[in-house]
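Enquirer: predicted model follows, preceded by the sequence.
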Amino acid sequence: MSGGLVALLDDVAAIAKLAAASVDDIGAAAGRAGAKAVGVVVDDTAVTPRYVAGFRPERELPVIWKIAKGSLFNKIVLILPVILLLSQFVPWAMNPLLMLGGLYLSFEGAEKLYEALTGGDHDEAGDAAAVGTPEHEKQMVSGAIRTDFILSAEIMVIALAEVTEQALFVRAVTLVIVALLITLLVYGVVGLIVKMDDIGLKMAQGRLGTTRALGRGLVRGMPVVMSVLSVVGTAAMLWVGGHILVSGLEKFGFGWLAHAIYHDAEAAGHALPFLGGAVTWFVETLGSAMVGLAVGALIVGLLHLLPRKEH
């Protein structure tokens, strides 16, 4: 009897250790997966504020909350089950799926650059949001959630690519954690960015001269912050899209491009040993971004050659 009890306790202890190890695995996997998706997160953060431009201040945070809930629904209810099934039963499909996402990101980045150079960027979302009616609010939220679906799919597939070797349960929990944390991060930052000018106005009306000066600085500085964020978002899309394509080609046996970029990055790092790590990262990132720009520009060019339907 005592022997059976000892054996049972040993089994319980083993299960506890296994559970603890699984928690550690999930935490580490979520960290790796989230880090890989950071480029898309930056773009998501850069894209979303335009959907609340023109709303009354009291409606900005409720609109962001609606978009955040839609984003979480996209990730956990619509995207997560599909990619888990694919990874479980047709894992070979993950790399092509990821590369399709890389093509989309490269196209988006190149198109934003093209619009910036030609002045062809027309922000219909902002125009509609300026009306401020409930119908337009619903329209803007729906548009933002549709845009988020593409970016959320990219985030989840990139995250899944980091944990494909894990058990199904670990994969599922990891992706739920990534979905929750990234949604909280993106829309928390978006909310802060959108309300920063209001915070600045409040501070500009304060009693202390330092507070007033800081408030005026915030109000004047936010347009610059938004412009910088847009540039960073475009660069991140090209970098992440190019990196996905280079890595995907390597998995298909076409590793010469990845090796060439890595070789150039290593050579640049050795040439500047006091900045070796940073230079290596920068050159490798720049190489991926150039691939993304080249592929994206090709897609943009082909689309502009297609005949357009007259309205």
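Expert: It's in.

Enquirer: from here on, contacts and neighbour counts on C-alpha atoms
Expert: OK.

Enquirer: lowest-scoring secondary structure element of the protein by mean pLDDT?
Expert: helix 124-131 (a mean of 45; mean pLDDT, DSSP states H and E).

Enquirer: and the next helix or strand after it, what does it pack against?
Expert: Per DSSP states H and E, the first helix or strand lying C-terminal to helix 124-131 is helix 134-161. Judged by 3 or more C-alpha pairs under 8 Å, 6 or more residues apart in numbering; DSSP states H and E, helix 134-161 is in contact with helix 2-36, helix 38-47, helix 57-73, helix 80-89, helix 94-118, helix 124-131, helix 168-204.

Enquirer: worst mean pLDDT among those?
Expert: Looking at the helices and strands packed on helix 134-161, the lowest mean pLDDT belongs to helix 124-131 (a mean of 45).

Enquirer: so which bits of stretch 88-101 are buried?
Expert: 94-95, 97-101 (16 or more other C-alpha atoms under 10 Å).

Enquirer: gap between the two ends of it?
Expert: Criterion C-alpha to C-alpha, to the nearest Å; first-to-last residue distance in stretch 88-101 is 20 Å.

Enquirer: list the contacts of it.
Expert: 86-87, 154, 157-158, 161, 168, 241, 244-245, 248, 251 (C-alpha atoms under 8 Å, 6 or more residues apart in numbering).

Enquirer: how far does it sit from its chain's centre?
Expert: Centroid separation for stretch 88-101 versus its chain: 18 Å, with C-alpha atoms, centre = their mean, to the nearest Å.

Enquirer: state the distance from Gly301 to Val228.
Expert: 26 Å.

Enquirer: over to Leu305?
Expert: The spacing between Leu305 and Val228, counted by C-alpha to C-alpha, is 31 Å.

Enquirer: tell me which of those two has more neighbours.
Expert: Taking other C-alpha atoms under 10 Å, Leu305 and Val228 do not tie; Val228 has more neighbours (13 against 9).

Enquirer: that one: what secondary structure?
Expert: helix (DSSP: H, G, I helix; E, B strand; the rest coil).

Enquirer: what separation do you get for it and Gly221?
Expert: Counting by C-alpha to C-alpha - Val228 and Gly221 are separated by 11 Å.

Enquirer: ok, Leu168 next?
Expert: 46 Å.

Enquirer: and Arg207, by the same measure?
Expert: Per C-alpha to C-alpha, Arg207 is found 21 Å from Gly221.

Enquirer: looking at these two, which one has more neighbours?
Expert: Gly221 (14 against 9).

Enquirer: per-residue pLDDT, that one?
Expert: For Gly221, pLDDT reads 80.

Enquirer: host element of it?
Expert: Residue-wise, Gly221 maps onto helix 209-251 under DSSP H and E.

Enquirer: tell me the angle of that helix relative to helix 94-118?
Expert: If you take axes from the mean of the first three to the mean of the last three C-alpha atoms, to 10 degrees, helix 209-251 sits at 130 degrees to helix 94-118.

Enquirer: tell me the angle helix 209-251 makes with helix 134-161.
Expert: Going by the same axes, to 10 degrees, helix 209-251 makes 50 degrees with helix 134-161.

Enquirer: helices and strands around helix 209-251, which ones?
Expert: helix 38-47, helix 94-118, helix 168-204, helix 256-271, helix 276-305.

Enquirer: so which two of the contacts of stretch 88-101 are the farthest from each other?
Expert: Greatest spacing in the contacts of stretch 88-101, by C-alpha to C-alpha: Leu168 and Gly241 (26.5 Å).
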